[in-house]
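Engineer: Let me see the structure of the following:
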Amino acid sequence: MWLSVTRDQEGRSGLLNVSIEDVLYLESDFEKWVRVHTREEHFYIAGTLIYWTNAFQAAGHAFQKVDRNIVVHEPKIKRLDPVFAMAYFDCEIDKHAKKITLAQKYYKELVRKAGQHELTIMIAAAT
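Structural biologist: All right, here's what the predicted structure looks like:
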């Protein structure tokens, strides 16, 4: 499946297609735009997080709201940080690693899913 996106909010760059499998997470700007994050870039789509979350879930994709303005593609999470309630999209963490902040409620839900082997996520040891 493909998602039609733009590189700018005004659409002046035209449309391009991004595979839904390449999407790491969606982020709302609380106006009319949703920023689509992939490993290398970010793009824009019009609409709301609720709309896109429902559409992706109805199409069989595991997207879940994890903070008030973030929806994550759950299988893309590779590591959780229990100290700062962060999710990373790589096993090895460095200064360039993409990460998101999680609400405590959703952090606990991801830990539960990892513990029940619903997701394959490494949980960093608390220091």
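Engineer: What residues sit buried inside the longest helix along the chain?
Structural biologist: For the chain, the longest helix by residue count, based on DSSP state H, is helix 104-115. By 16 or more other Cβ atoms under 10 Å, the buried positions in helix 104-115 come out as 106-107, 110-111, 113-114. Placement of C-beta: from N, CA and C, glycine included.
Engineer: same deal with stretch 5-14?
Structural biologist: Quick answer for stretch 5-14 (16+ other Cβ under 10 Å): 5-6.
Engineer: Find the residue at the geometric middle of this structure.
Structural biologist: Centroid-nearest residue in the chain, with Cα atoms, centre = their mean: Tyr25, separated by 1.9 Å.
Engineer: That one and Gln116: what is the separation?
Structural biologist: 22 Å (Cβ to Cβ, to the nearest Å).
Engineer: The residue lying closest to the residue nearest to the centre of the chain once chain neighbours are set aside: what's it in contact with?
Structural biologist: Spatial nearest neighbour of Tyr25, chain neighbours left out: Val72 (4.5 Å); criterion: Cβ to Cβ, 6 or more residues apart in numbering. By Cβ atoms under 8 Å, 6 or more residues apart in numbering, the contact set of Val72 is 24-26, 63-64, 66, 87, 100.
Engineer: hey, what's Val72 bridged with?
Structural biologist: Judged by DSSP bridges, the bridge partners of Val72 are Tyr25, Gln64.
Engineer: all strands in the protein, in order from the N-terminus.
Structural biologist: With DSSP state E as the criterion, the chain has strands at 2-5, 16-19, 25-28, 33-37, 42-46, 63-67, 70-73, 79-81, 86-88, 99-101, 122-123.
Engineer: Ranked by average pLDDT, which of those strands falls at the bottom?
Structural biologist: In terms of average pLDDT, strand 122-123 trails the rest of the strands of the chain, at a mean of 86.
Engineer: what sits against Asn17?
Structural biologist: Contacts of Asn17 (Cβ under 8 Å, 6+ apart): 2-5.
Engineer: Repeat the analysis, applying 6 Å as the threshold.
Structural biologist: When contacts are counted by Cβ atoms under 6 Å, 6 or more residues apart in numbering, Asn17 touches 2, 4.
Engineer: With the one 10 residues further on instead?
Structural biologist: Glu27 makes contact with 35, 69-70 under the criterion Cβ under 6 Å, 6+ apart.
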